[in-house]
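Participant: predicted structure and sequence below. I'll ask about it afterward.
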Amino acid sequence: MDVYAHIRTLAEREELGHAFLITGPDPAEREKLGLFCAQALLCEGEGSRPCGRCLACRKAEKGIHPDLLRRERLPDSQVFKVDQVREMSAEAYILPNEGKRKVFLLPEADTMNIQAQNALLKLLEEPPAYAAFLLLGANPGAFLPTIKSRCVSLRAGGSASEGGDPEAAKLAEAWIGRNGPALAALTFRAEKLDKLKFDQLLEGLYAAAGLRAKAGGPQRDRALELTELTEKLRSMRKYNVSPGLCMGLLLSTVEN
Ligand SMILES: [Zn+2]
C-alpha cells in the first residue's frame, strides 16, 4: 500500500499513535511525508484525514500551527544535542494550544548521538497522551533499535533498499580496516557519481559506520571515528565541496 494511503487508514482507525520514523534518501520527500503525518494528527476536518482544507491543515502547511513544533539541531553543532531533547521533553508536558495533539517534527533526528537518543527513548516510552513525534532521517540504520521499536516506520519516496547501500558498506569496511588499495579504488568510483548519488552514498556510509559502532567489538572506536568524519563530509557537501575533494579527504586519513 502507498505510504500516504497507509497514514489515512491509520487516521481513520484512530491508530496514528505517537511516534513515527520517516526515512528515505531525499530530504524533500521526508519533509513532505512528515508534513502529511502532522496534518493527519492535527486535522479537524470531517471524513478522510488529513483533509487539507481545514484551518489546522492549512496552518500546518504554512508552518504557523502553534501545535506543530520543528526542532532542528543548532547551527553551531553537528549533532542534535541531548539538552535539546530534554528541552523538548519539558515542552511536551505543556498542553496543546489549539488542537488535540501537539506534534514535534525533527527533520534531522538522525544526527542525534546515543546519549540524545536515550533521552528521547525515555520520552517515547511515557509520552503525554496528546504528544506525537515525527523523527526524520536518511537511513533507519542511524537509530537505536529501541527507538525504532517504538515508532511506526515509514519509507519516504526513493527506491533505496532497506538493507543499506552495499557500496557504502564496502567503503566503510575499507576505511575501518585501513585497507588503502581498496579504499583508493572505491573512492575513485565514488568521485564519478553525480551529486545526488554521491550524497546518498555519504548517507549510506554514515549509516554503515553507525551500525558498525553499535555492533561493538575491537573496531568500535574506529567506526565512531568514521561517523564523525562522515558528518564532516556531509557538512562540507552543504557548502558544495566537490565529491573529489571529499573522497580525497577520506583517503588521506587512511594513507598517512
Ligand atoms: Zn484538515
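Facilitator: Cool, the structure landed. Residues are numbered from 1 along each chain as shown.
Participant: what is the burial count for residue 116?
Facilitator: 20 (other C-beta atoms under 10 Å). Every C-beta, even on glycine, is put in place using the N, C-alpha and C of the backbone.
Participant: skip the chain neighbours and tell me the closest residue to it.
Facilitator: Counting by C-beta to C-beta, 6 or more residues apart in numbering, residue 116 lies nearest to residue 82, which is 4.3 Å off, once chain neighbours are set aside.
Participant: tell me the contacts of that neighbour?
Facilitator: By C-beta atoms under 8 Å, 6 or more residues apart in numbering, the residues touching residue 82 are 113, 115, 116, 119.
Participant: again, 7 Å this time
Facilitator: Neighbouring residues of residue 82 by C-beta atoms under 7 Å, 6 or more residues apart in numbering: 115, 116, 119.
Participant: before we move on, what about residue 37?
Facilitator: 7, 20, 134 are the contacts of residue 37 under C-beta under 7 Å, 6+ apart.
Participant: least confident of those residues?
Facilitator: Across the contacts of residue 37, the smallest pLDDT goes to residue 7, namely 92.
Participant: for the strand or helix carrying that residue, name the packing helices and strands.
Facilitator: Per DSSP states H and E: residue 7 is located in helix 3-12. Using 3 or more C-beta pairs under 7 Å, 6 or more residues apart in numbering; DSSP states H and E as the contact test, the elements touching helix 3-12 are helix 27-42.
Participant: now do the following helix or strand past the helix holding residue 7: distance to the chain's middle.
Facilitator: Beyond helix 3-12 on the C-terminal side, the first helix or strand identified by DSSP H and E is strand 19-23. Taking C-alpha atoms, centre = their mean, to the nearest Å, one finds strand 19-23 lying 8 Å from the centre of the chain it belongs to.
Participant: who does strand 19-23 touch, helix- and strand-wise?
Facilitator: Looks like strand 19-23 contacts helix 27-42, strand 131-137, strand 152-155 (3+ C-beta pairs under 7 Å, 6+ apart).
Participant: quick check: residue 199 touching residue 236?
Facilitator: No. With contacts counted by C-beta atoms under 7 Å, residue 199 stays clear of residue 236, the gap being 11.0 Å.
Participant: neighbour count for those two, which is higher?
Facilitator: Using other C-beta under 10 Å, the more surrounded residue of residue 199 and residue 236 is residue 199, with 21 against 15.
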